[in-house]
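Chemist: whatever this is, show me its structure:
(one chain, ligands or ions: 2)
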Amino acid sequence: MKEYWGSLASILGVLAFCQSLLQVLFPPELRFATLKLFNRIFNVFTSYCYFDITEIDGVNTNELYNAVQLYLSSSVSISGSRLSLTRALNSSAITFGLTSNDTLFDTFNGVTVLWEHIVTQRQAQTFSWRPLPDEKRGFTLRIKKKDKSLILDSYLDYIMEKANEIRRKNEDRLLGSLDSRGHPWESVPFKHPSTFETLAMDPVKKSEIMEDLKDFANGQSFYLKTGRAWKRGYLLYGPPGTGKSSMIAAMANYLGYDIYDLELTEVHNNSELRKLLMKTSSKSIIVIEDIDCSIHLSNRKKGSTNNSSSIGRSYCDPEMRSGPGVGTGDEGGNSITLSGLLNFTDGLWSCCGSERIFVFTTNHIDKLDPALLRSGRMDMHVFMSYCSFPSLKILLKNYLSFEEGDLDGEILKKLEEVIDKAEMTPADISELLIKNRRNKDKAVIELLETLKEKAERKLKSGECVGDKNLNDVEEEEQEKRALESPKEGCNFEDSIEKQEDDEEKKIK
Ligand SMILES: Nc1ncnc2c1ncn2[C@@H]1O[C@H](COP(=O)(O)OP(=O)(O)OP(=O)(O)O)[C@@H](O)[C@H]1O
Ligand SMILES: [Mg+2]
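Modeler: Ligands and ions are numbered 1, 2, ... in the order given. From the prediction side, this is the model:
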């Protein structure tokens, strides 16, 4: 026992001697530098390097920390055994996260990296304008030194991109509109249930549009390579109730874009229009509904000689929703012009921000200026037609849960015979189906009767009007075909002259 105490006393003596020796060799002012030196020596021999990404950078929130957290949440959900769950404001999705001091391996371009989530208690706070959280949170990224240059930049960019994608997917879509004083943009969550699945239209045309949209959304490098602004224009035209607005909602839901509903009659001049454009975010759809009623196309040449700032095109009176041709000129200070609108969709300003889709809708495509319709402005013209047989099948499936083969073959044949002749809109047909949705058989029989009745009525009225009507239809079709295949560089002046001629004829 005596020996034991004796050896303990000598160990303590050695330790005390070492401590005093260290204090002599490394005085306090040198101690930090010594630690650094040891760290460096350690770093020379280790094959890893470490990066700390703290939640708060000084007093600002570190964007990268949030991005890493979101990014890791996508892989954590499958593998983790203890996870933290969060649900952000304006979001309907729950995200997973690493709990404190948990680690996770990730692979990027064939290189494996290790993430560690480190949470420590913050020391007593000194005075700060912004109170800091009690916990200090951060991620440590460990990568092999040899992979540092290979992956660091591109890996962090990739994380930021992925995080943005996840954030967008989790967030509710927004619908922006102007307030009553024309102030931009008031947003509300956009929860329209219309999707391409519920949209009744020709399936071939539908998949064409869906492909076009996907190509656009994934086309960043293509647009960069070809030197084009990353934007696309769609013109939806057709009779009321054929699904133009429903199509816009389906587009937004399909791509996960926000919608900006631009009511041109609330905008006072071109510069306001430009400011509105600048305040829209990327990945959005800018919608101008009933474009033929929103601006009035008057004489551009006259405007240019009279007044240089306003080229003589103004709103049509909101009450005159029957279309253009009835204008108010520039009176009343309303000086939004066609050229302003063209610049909005196609000019230099249209490229501020990216990944934007412009959608115009109209019931009267023939009333629009060809300059507005040419390729590059409105790249795709989509005719929303009366309900066709394929569309009817979609409505029957949606409203009455009829699958292919459920309906009696004879009835289907009869429906197919009359549907085109009846010229009923999907809106009318869906109303009929909703009304009788509790009794499917009754719904189909009533639908068939209504279609027959309408077809007969159409046939009779067609006979009464006679050949003149047919010529009109032919003319209309020709016009439509010409507009459906717009030529690049369509001459703006020609179109204005044609319009002037038309106006003169009308006056005569
Ligand atoms: N193609 C369609 N597919 C599915 N439902 C449709 C379709 N067309 C119309 N509907 C139904 O009719 C309603 C009105 O349609 P929507 O508002 O999309 O028509 P619109 O073409 O925009 O009409 P308007 O020219 O008057 O603005 C929608 O709420 C939808 O339920
Ligand atoms: Mg509409």
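Chemist: which residue does the stretch 251-400 of the chain have closest to ligand 1?
Modeler: Relative to ligand 1, the nearest point of the stretch 251-400 of the chain is residue 363 (5.2 Å; Cβ to the nearest ligand atom). Just so you know, the C-beta spots here come from the backbone N, C-alpha and C atoms, and that holds for glycine as well.
Chemist: where does the nearest residue to that residue once chain neighbours are set aside fall, helix, sheet strand or coil?
Modeler: Using Cβ to Cβ, 6 or more residues apart in numbering and skipping the chain neighbours, the partner closest in space to residue 363 is residue 240 (5.8 Å). Here residue 240 is coil, with the state taken from DSSP: H, G, I helix; E, B strand; the rest coil.
Chemist: state the distance from residue 240 to ligand 1.
Modeler: 3 Å (Cβ to the nearest ligand atom, to the nearest Å).
Chemist: next, count neighbours for that residue.
Modeler: If you count neighbours by other Cβ atoms under 10 Å, residue 240 ends up with 11.
Chemist: list phi and psi for residue 382.
Modeler: Phi and psi for residue 382, reported as degrees, to the nearest 10, are phi -120, psi 120.
Chemist: residues contacting it?
Modeler: Neighbouring residues of residue 382 by Cβ atoms under 8 Å, 6 or more residues apart in numbering: 205, 209, 234-237, 247.
Chemist: ok, whatever helix or strand residue 106 lives in: who's next to it in the sheet?
Modeler: Secondary structure from DSSP states H and E places residue 106 in strand 103-108. For strand 103-108, the paired strands and their directions (DSSP bridges) are strand 111-121 (antiparallel).
Chemist: which element follows the partner strand toward the C-terminus?
Modeler: Proceeding C-terminally, strand 111-121 gives way to strand 135-144 as the next helix or strand, assigned by DSSP H and E.
Chemist: other SSEs contacting that following strand?
Modeler: For strand 135-144, the contact count by 3 or more Cβ pairs under 8 Å, 6 or more residues apart in numbering; DSSP states H and E identifies strand 48-54, helix 63-79, strand 111-121 as packing neighbours.
Chemist: would you mark the buried spots in it?
Modeler: Of the residues in strand 135-144, those with enough neighbours to count as buried (16 or more other Cβ atoms under 10 Å) are 137-139, 141-144.
Chemist: would you check those residues and say which has the weakest pLDDT?
Modeler: Across the buried residues of strand 135-144, the bottom pLDDT score, 85, is held by residue 137.
Chemist: now do the contacts for that residue.
Modeler: Contacts here follow Cβ under 8 Å, 6+ apart; on that basis residue 137 touches 54-55, 65, 100, 117-119.
Chemist: repeat for residue 390
Modeler: With contact set as Cβ under 8 Å, 6+ apart, residue 390 has these partners: 201-203.
Chemist: just these: which are in helices?
Modeler: residue 203 (DSSP state H).
Chemist: now, of the contacts of residue 390, which are buried?
Modeler: The neighbour-count criterion (16+ other Cβ under 10 Å) marks residue 201 among those as buried.
Chemist: of the buried residues of strand 135-144, which ones also sit close to ligand 2?
Modeler: Contacts with ligand 2 within the buried residues of strand 135-144, counted by Cβ under 5 Å from the ion: none were found.
Chemist: now distance to residue 338 too, for these, in TSV please.
Modeler: Listed next are the buried residues of strand 135-144 as TSV, based on distance: Cβ to Cβ, whole Å:
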residue	distance to residue 338
137	55
138	55
139	53
141	54
142	60
143	56
144	60
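Chemist: could you dump the residues you listed to CSV with distance to ligand 1?
Modeler: Rendered in CSV, the data for the buried residues of strand 135-144 read as follows (distance: Cβ to the nearest ligand atom, whole Å):
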residue, distance to ligand 1
137, 47
138, 50
139, 46
141, 49
142, 53
143, 52
144, 55
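Chemist: pick the one among these closest to residue 49.
Modeler: Within these, distances to residue 49 taken as Cβ to Cβ reach their minimum at residue 143, with 6.2 Å.
Chemist: which residues does the closest one bridge with?
Modeler: The residues listed as beta-bridge partners of residue 143 by DSSP bridges are residue 49.
Chemist: hmm, back to that, mark which of the contacts of residue 137 are buried, thanks.
Modeler: When those are checked for burial by 16+ other Cβ under 10 Å, the buried set is 55, 65, 117-118.
Chemist: of the residues you listed, which are in range of ligand 1?
Modeler: When Cβ under 6 Å from any ligand atom is applied, no member of these is adjacent to ligand 1.
Chemist: near ligand 2, which of these show up?
Modeler: Under the cut-off given by Cβ under 5 Å from the ion, ligand 2 has nothing from the buried ones among the contacts of residue 137 close to it.
Chemist: and the furthest pair within these?
Modeler: Of all pairs drawn from those, the greatest distance, 11.4 Å, lies between 65 and 118 (Cβ to Cβ).
Chemist: quick check: neighbours shared by those two?
Modeler: 137-139.
Chemist: now tabulate those residues in JSON lines and tack on distance to residue 459.
Modeler: Supplementary listing: those in JSON lines, determined by distance: Cβ to Cβ, whole Å:
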{"residue": "137", "distance to residue 459": "74"}
{"residue": "138", "distance to residue 459": "76"}
{"residue": "139", "distance to residue 459": "72"}
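Chemist: of these, closest to residue 357?
Modeler: Proximity of the shared contacts of residue 65 and residue 118 to residue 357, judged by Cβ to Cβ, is greatest for residue 139, which lies at 35.9 Å.
Chemist: in the chain, what residue is nearest ligand 2?
Modeler: Nearest residue of the chain to ligand 2: residue 245, at 3.3 Å (Cβ to the ion).
Chemist: ligand 2 contacts on the stretch 201-350 of the chain?
Modeler: 244-245.
Chemist: any weak-confidence spans in the stretch 351-500 of the chain?
Modeler: 351-353, 463-500 (pLDDT under 70).
Chemist: near ligand 1, which residues of it are found?
Modeler: For the stretch 351-500 of the chain, the residues in contact with ligand 1 under the definition Cβ under 6 Å from any ligand atom are 363, 384, 426-427, 430.
Chemist: repeat that for the stretch 101-250 of the chain.
Modeler: Counting by Cβ under 6 Å from any ligand atom, the positions of the stretch 101-250 of the chain adjacent to ligand 1 are 198-201, 240-246.
Chemist: give me that answer again for 5 Å
Modeler: On the criterion Cβ under 5 Å from any ligand atom, ligand 1 has as its neighbours in the stretch 101-250 of the chain the residues 199-200, 240-246.
Chemist: highest neighbour count among those?
Modeler: Using other Cβ under 10 Å as the contact criterion, the top neighbour count among these goes to residue 200, which has 27 neighbours.
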